[in-house]
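>>> Whatever this is, show me its structure:
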Amino acid sequence: MSDCKARVVIVGAAGHAKVIADIVRKNGDFVVGFLDDDVEKTGKPFLGSTVLGVSADYVKYAKDCMFIVALGVSEVRKRISTMIQGPFYTAIHPSAIIGPGVEIGEGSCVMAGAIINPYSRVGAHAIINTGAILEHDCTVGDYSHLCPHSTVCGESRIGNEVWIGAGCTVIHDMTVCDGVTLGAGAVVVRNLLEPGTYVGAPARKIK
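Have a look, this model is predicted:
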């Protein structure tokens with residue numbers, strides 16, 4: 001353990017946490033354990049470590065650990081990360097391609113095969129999922145999620161707490177405002193300036 005660069009507590013003990021734990025370990029860092037608000041998991045083994053308690057137990061580890069909130073739902077990720085207040089670990093898979101001038105906020109994760117091209121900026125606690133592409137000069141806001149194999153083309157602006165579903169495409173120079181959910185496979189060809197759920201090609205808001 002002397003070669004480890006960071007000691008990390010992962011908040012969440014389900015599917016997303018499995019991916020985060022894999023990234024942490026591939027980067028040579030150490031998973032101290034997991035926190036999960038399902039009290040039935042406390043004390044049980046998980047991925048070669050242990051569920052140490054619930055999220056509020058982070059205070060026991062704040063002195064010498066970093067945290068990452070491994071929960072897919074943005075509002076839950078926001079609530080818990082606001083409670084913890086860091087320090088936060090940023091998880092970037094070794095196979096991800098990160099261009100020059102890219103900025104990635106604290107607590108965010110970039111998964112296997114993802115591409116973030118030059119001078120794009122990703123906010124805090126965002127998820128750039130497996131194989132997602134963020135082209136040059138884009139912005140992605142806090143707590144947003146680019147699902148697997150989605151593509152955001154160059155110079156586009158993605159707001160806070162935006163969910164871009166699997167296989168979605170956002171064409172060049174688009175704005176997607178805060179609070180938008182894009183259904184899987186949606187194609188954005190015009191600015192989306194009202195929160196809500198959009199589906200289809202071209203993406204249209206549904207009630």
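
>>> wait, Gly113 sits on Ser95?
Yes: Gly113 is within contact range of Ser95, at 5.7 Å (criterion: Cβ atoms under 8 Å). Where you see a C-beta, it was placed from the backbone N, CA and C, and this is true even at glycine.

>>> Compare these two (neighbour count), which wins?
Set Gly113 next to Ser95 and count neighbours by other Cβ atoms under 10 Å: Gly113 wins out with 16 against 13.

>>> Disregarding residues adjacent in the polypeptide, which is nearest to that one?
Leaving aside its sequence neighbours, Gly113 sits nearest to Gly131 (Cβ to Cβ, 6 or more residues apart in numbering; 4.4 Å).

>>> wait, doesn't that neighbour sit right on Ala96?
No: shown here, Gly131 and Ala96 do not form a contact pair, counting by Cβ under 8 Å, at 9.9 Å.

>>> Overlap in contacts, these two.
Met111, Ala112, Gly113, Ala114 (Cβ atoms under 8 Å, 6 or more residues apart in numbering).

>>> Reformat the residues you listed as JSON lines; add pLDDT and distance to Leu193.
Below are the shared contacts of Gly131 and Ala96 laid out as JSON lines (pLDDT from 0 to 100; distance: Cβ to Cβ, whole Å):
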{"residue": "Met111", "pLDDT": "98", "distance to Leu193": "29"}
{"residue": "Ala112", "pLDDT": "98", "distance to Leu193": "33"}
{"residue": "Gly113", "pLDDT": "98", "distance to Leu193": "31"}
{"residue": "Ala114", "pLDDT": "98", "distance to Leu193": "27"}
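
>>> which of those lies closest to Val162?
Taking Cβ to Cβ as the measure, Val162 sits nearest to Ala114 out of the shared contacts of Gly131 and Ala96, at 16.3 Å.
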